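# Sequence plus predicted model, see below.
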Amino acid sequence: MATPALADSEPAAHPVPAAELDVRLDGIRKTYGDVVAVDRVDLEIPAGEFFTLLGPSGSGKTTTLRLIAGFERPDEGHIELAGADVTNRAPYERDVNTVFQDYALFPHMTVAENVAYGLRVKRVPRAERKRRVEEILKVVRLPELGDRKPVQLSGGQRQRIALARSLVNTPKVLLLDEPLGALDLKLRQEMQIELKRIQREVSDVGITFVYVTHDQEEALTMSDRLAVFNKGRIEQIGAPAEVYECPATEFVAGFVGVSNVLERDGKKFTVRPEKIRMQFDEAGDGELGRIRDVVYVGMFTRYIVELDSGGELTVVRQNLETSSQEALESRGKRVRLEWRPEHTFEIERGGNE
Amino acid sequence: MEARATRVSLGVWTLLVVLFLWLPLVLICVYAFNSSNIQSWPIAGFSTKWFHAAWHNEEARSALVLSLKAGAIATVIALVLGTAAATAVSRFRFFGRDAVTFLLVLPIALPGVVTGIALNSFFNNNPVHGLSPSLWTIVIGHATFCIVVVYNNVVARLRRTQTSLTEASMDLGADGWQTFRFVTFPVISTALVAGALLAFALSFDEVIVTTFTAGAQNTLPIWILGNLRLGQQLPQVNVVVFFVIVMTVLPVTVAQRLTRDTGILRRR
């Protein structure tokens, strides 16, 4: 009361107060025998965010998710959900629900019984159960499938029912473990849009989505923020544009997008392929080189350029006026590459490959 | 033409195999209705009088009761222990897991004589446990192989169901007991029924191990064997055998139906 001004003095530097954080991981470490699956991970996810754990298989992202769900116990560190320490609580004592990669729908129950399961074990009255199940089946746009058994559903339908079964409990946090991994490309893209729509639709209750994927495009298009995992550690946390345009490490540069890393004057830096201008004259600023390979991708063409001063860069050019023929014929030609200095980002040197 | 010839000859061959397996069984069933007490083909005449005689035979009756009791108790023991062992082996990794699997399955491959003599010498060594040959020694002898039957059925079922089901249940707020009641048990229930029926059928016609573990009492198969050897009451034995065949065929048929794909199993 006496010093109200103090609170305003350094607004941005303050960490988010614990009450507004839905998930907080503090120094989490998990080993299986000699293998370190998760190595001292810190993470803070504010309420209502769509947060993605991105990384290759074996990078610790799924283990991190299972730690939050409570299927695994950390060797070290603490897990907080909505400000409460849940490190030693069983899965059924945590206000989180999981959408499993294999959906894990109960085969002996109908769709409606599957969706009602969480409410049933929490002894929600039958009438309310029925109402909420119908409501959530409408949200996932499968209102007429309640009486079917899971074996009678298609992959995409099972995916939606698994989602409905979790969402009906309106958990604080929804954990999604590569939920679209088993679907084909077309269906996956549809479901990506669906997931975002569903997140908006349930946003009045404020459910935080924690999403695990190895697909960088999925991570970039869907997330509010994402964490890039490598070898059990987080390499970078940030908004999609931030992580894509200013990768903090060489690993991030390579995993999120194309690795375009150059070493000049003892410093490593990266520049994104679409930020490079390619000229067919050798007079002027920039790096000189020769086109080693051309990949025609329809909307654009990818050129791999070998630089005279060492190293290789990938350049992407929209096929505005160039035909595929012209693009392919440019193989072997001398070129000059230009980019604006503000589009290069220096990369942390470290033990990462 | 050749395919047709193959099909016909295969059909004939199958028929011969089925006859080979079933002819003796059919024969004894026919003898059960023989009006004479001397076995000869064709039977002297049709009669159900031996059914009446067998029904009022006190020895046969007490043997039947003992067999039913032993079978039922051994099956219950097998259900509890077999399910527990199957769950442990398929859900947890622990030191010596492979050894435990091997030791659980071995008794069914072991010759009955070996199991029998081992149990016999164990039971005769009274100071260790204070058991004397009785219903309970028979039950223990039968349980050794009944456990395997239940274990095998449940393990196979668990192997074909997703491990994530129990995780999903816990995740949705169900504690261990609720998860067992609502998810695990329904998923393995038909495997349990099938295992129980098979275990009971095995126990019901067991002779070798029973010979070594029973005291003065006779189970039904032992009674049959004894009377066959003495040559007395042969017509009544035929009736009892007829009854046993029916008793065995029914549960095995049901068990087979239950273990077929029921939609409970994972598809993929």
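That came through fine. Numbering: from 1, shown residues only, chains lettered A, B, ... in the order given.
# and the stretch 1-150 of chain A, which residues reach chain B?
With C-beta under 8 Å from any C-beta of the partner chain as the criterion, the stretch 1-150 of chain A meets chain B at residues A:69-71, A:90-92, A:96-98, A:100, A:102, A:104-108, A:117-118, A:120-122, A:149. No exception for glycine: its C-beta is placed from N, CA and C like everyone else's.
# thinking A:R160 is in contact with A:V139, fair?
No: between A:R160 and A:V139 there is no contact under C-beta atoms under 8 Å: 9.3 Å.
# More neighbours: which of those two?
With neighbours defined as other C-beta atoms under 10 Å in any protein chain shown, A:R160 and A:V139 compare such that A:R160 has more, 24 against 17.
# give me every residue that touches that one.
A:V140, A:R141, A:L142, A:E194 (C-beta atoms under 8 Å, 6 or more residues apart in numbering or on different chains).
# packing partners for the helix or strand harbouring B:L66?
Element membership of B:L66 [criterion: DSSP states H and E] is helix B:58-91. Judged by 3 or more C-beta pairs under 8 Å, 6 or more residues apart in numbering or on different chains; DSSP states H and E, the packing partners of helix B:58-91 are helix B:97-109, helix B:135-159, helix B:185-204, helix B:220-230, helix B:234-259.
# Report the distance from that helix to the chain centre.
9 Å (C-alpha atoms, centre = their mean, to the nearest Å).
# Show me what counts as buried in it.
Neighbour-count burial for helix B:58-91 flags B:60, B:63-64, B:66-68, B:70-71, B:73-79, B:81-83, B:85-87, B:89-90 (criterion: 16 or more other C-beta atoms under 10 Å in any protein chain shown).
# what mean pLDDT does it have?
Mean per-residue pLDDT for helix B:58-91: 90.
# picking up where we left off before, ranking by neighbours, what's the top pick from the contacts of A:R160?
Of those, with other C-beta under 10 Å as the count, A:V140 tops at 22 neighbours.
# Give me the local confidence score for it.
86.
# Could you do the one 3 residues further on as well?
pLDDT, the model's per-residue confidence, is 87 for A:P143.
# By residue count, tell me the biggest helix in chain A.
helix A:185-201 (DSSP state H).
# Flag every buried residue along it.
A:L187, A:R188, A:M191, A:Q192, A:E194, A:L195, A:I198, A:Q199.
# Show residues contacting it.
So helix A:185-201 is contacted by A:50, A:139-141, A:155-156, A:159-160, A:163, A:167, A:176, A:179-180, A:183, A:207, A:209, A:218, A:221-222 (C-beta under 8 Å, 6+ apart).
# do that again at 10 Å, thanks
Contacts to helix A:185-201, defined as C-beta atoms under 10 Å, 6 or more residues apart in numbering or on different chains, come from residues A:48-50, A:99, A:136, A:139-141, A:154-156, A:159-160, A:163-164, A:167, A:174, A:176, A:179-183, A:207-209, A:211, A:213, A:215, A:217-218, A:221-224.
# can you confirm A:E306 is in a strand?
Yes: looking at A:E306 with DSSP: H, G, I helix; E, B strand; the rest coil, it is inside a strand.
# so what's B:N120 closest to, chain neighbours aside?
Using C-beta to C-beta, 6 or more residues apart in numbering or on different chains and skipping the chain neighbours, the partner closest in space to B:N120 is B:F212 (4.1 Å).
# among the helices and strands packed on helix B:58-91, which is nearest chain A?
Ranking the helices and strands packed on helix B:58-91 by proximity to chain A (C-beta to the nearest C-beta) places helix B:185-204 first, at 4.6 Å.
# what about the closest one, average pLDDT?
88.
# Residue ranges in the chain under the pLDDT threshold?
Let's take chain A. Where chain A drops to pLDDT under 70, the residues are A:1-19, A:203, A:205, A:349-353.
# should've been chain B
B:1-2, B:126-130, B:232, B:259-268.
# So which residue is dead centre in it?
B:L202 (2.3 Å; C-alpha atoms, centre = their mean).
# Quick check: that one touching B:P107?
No: using C-beta atoms under 10 Å, B:L202 is not in contact with B:P107, being 11.5 Å away.
# so what sits against both of the two?
With C-beta under 10 Å, 6+ apart as the test, B:L202 and B:P107 both reach B:F145, B:C146, B:V148.
# OK, contacts around the closest residue to B:L81 other than its chain neighbours?
Once flanking residues are discounted, B:L81 sits nearest to B:I147: 5.2 Å by C-beta to C-beta, 6+ apart. Going by C-beta under 10 Å, 6+ apart, B:I147 touches B:74, B:77-86, B:104-105, B:107-108, B:195, B:199.
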